[in-house]
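Participant: Please work out how this folds:
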Amino acid sequence: MTAGKIVIAFDLYGTLLSTESIAQELAKLYGEQEAKTLAALWRQYQLEYTWRVNCMGLYRSFSDITHSALKHALAEHALEITERDADELMKAYDRLRVFPEVSVAMEHLKENSDLVDVYVFSNGTDAMVGNSIRSSPDLSPHAGLFKSLITVENVKAYKPDMKVYMHLVEQAGKGNSKDDVWVVSANPFDIAGSMAAGLKAAFIDRSGKGPTIVASGVEEAAKAILSTAISS
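Facilitator: Residues are numbered from 1 along each chain as shown. I've put the predicted structure just below:
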């Protein structure tokens, strides 16, 4: 199926699509300043809910979790919402904007399609992911690049559960060559899960919160730290 090609599997929410862009829709209901806080909190609880159900060996659909996380974020700020407005916000989640560099990256991958097979690999449901790819004004022009949209829905577990990454390998036709599978994600838990499963990983650190120095040993770390003192 993909023999000889590298598989690149992109996480969707928070990696290709900016969950912060939902703040524009929240601002219509709660004001611009409140909206930014709510957007971040909504994302935080969305992820926390997936970890909780994983720990309990349970599964709730990502759309259900996303809806519950919205209600939780609003309740924490003593804010209310009608079901109609909540439904509109969920629909807006299908129209998230991409991060600024994504479109250029997609074009570069198209130019090298003889070397790679590109997938979306997401916690979202099949319906959510499909809608997001088709409805995102920035990502929809690149929909043809993706060989498949791989979700956790059939596995009924969330990242970083090992089953999720084995599902990716199977769906990408790389059961005997996991070394050819790369996961690209801005979520540290996703990177940890990928590497624990024996896959390669590329961490997108947009906020620059990663380590100041990465070293192969203590000696290298010490020298690198000392060099900063000498040069300052």
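Participant: which helices and strands does the helix or strand where residue 69 lies pack with?
Facilitator: Here residue 69, judged by DSSP states H and E, is contained in helix 62-76. In terms of contacts (3 or more C-beta pairs under 8 Å, 6 or more residues apart in numbering; DSSP states H and E), helix 62-76 is packed against helix 32-55, helix 83-92, helix 126-135. Heads up, the C-betas are built off the backbone N, CA and C, glycines and all.
Participant: Sort out which residues of the last one are buried, please.
Facilitator: By neighbour count on 16 or more other C-beta atoms under 10 Å, the buried set for helix 126-135 is 126, 128-133.
Participant: now swap in the first one and tell me
Facilitator: Buried residues in helix 32-55, counting neighbours by 16+ other C-beta under 10 Å, are found at 34-35, 38-39, 41-43, 45-47, 49-50, 53-54.
Participant: Report all helices and strands that it contacts.
Facilitator: For helix 32-55, the packing partners by 3+ C-beta pairs under 8 Å, 6+ apart are helix 23-30, helix 62-76.
Participant: And the residue of the chain most remote from its centre, how close does it get to residue 212?
Facilitator: In the chain, residue 230 marks the outermost C-alpha relative to the chain mean, sitting 39.2 Å out by C-alpha atoms, centre = their mean. To residue 212, residue 230 is 16 Å away according to C-beta to C-beta, to the nearest Å.
Participant: Domain ranges for the protein, per the record?
Facilitator: The chain breaks down into these domains under automatic domain parsing: 6-15+99-203, 19-95.
Participant: ok, back up a step: in JSON lines, list the helices and strands packed on helix 32-55 along with distance to residue 145.
Facilitator: As requested, the helices and strands packed on helix 32-55 are exported to JSON lines (distance: least, C-beta to C-beta, whole Å):
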{"stretch": "helix 23-30", "distance to residue 145": "26"}
{"stretch": "helix 62-76", "distance to residue 145": "23"}
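Participant: and of those helices, who's closest to residue 202?
Facilitator: Closest to residue 202 of those is helix 62-76 (C-beta to C-beta; 22.9 Å).
Participant: can you list contacts of that closest one?
Facilitator: 38, 41-46, 48-50, 53, 60, 80-81, 86, 89-90, 93, 123-125, 127-128, 152-153, 158 (C-beta atoms under 8 Å, 6 or more residues apart in numbering).
Participant: Next: stretch 10-19.
Facilitator: Residues contacting stretch 10-19 (C-beta under 8 Å, 6+ apart): 39, 42-43, 46, 96-99, 102, 118-124, 129, 132, 136, 139, 183-187, 190, 204.
Participant: how long is it end to end?
Facilitator: Taking C-alpha to C-alpha, to the nearest Å, stretch 10-19 runs 15 Å from one end to the other.
Participant: so how far is that stretch off the chain centroid?
Facilitator: Between the centre of stretch 10-19 and the centre of its chain there are 4 Å (C-alpha atoms, centre = their mean, to the nearest Å).
Participant: go on, stretch 167-183?
Facilitator: On C-alpha atoms, centre = their mean, the centre of stretch 167-183 falls 18 Å from that of its chain.
Participant: got it, and stretch 110-126?
Facilitator: Taking mean C-alpha positions (C-alpha atoms, centre = their mean), stretch 110-126 and its chain are 13 Å apart.
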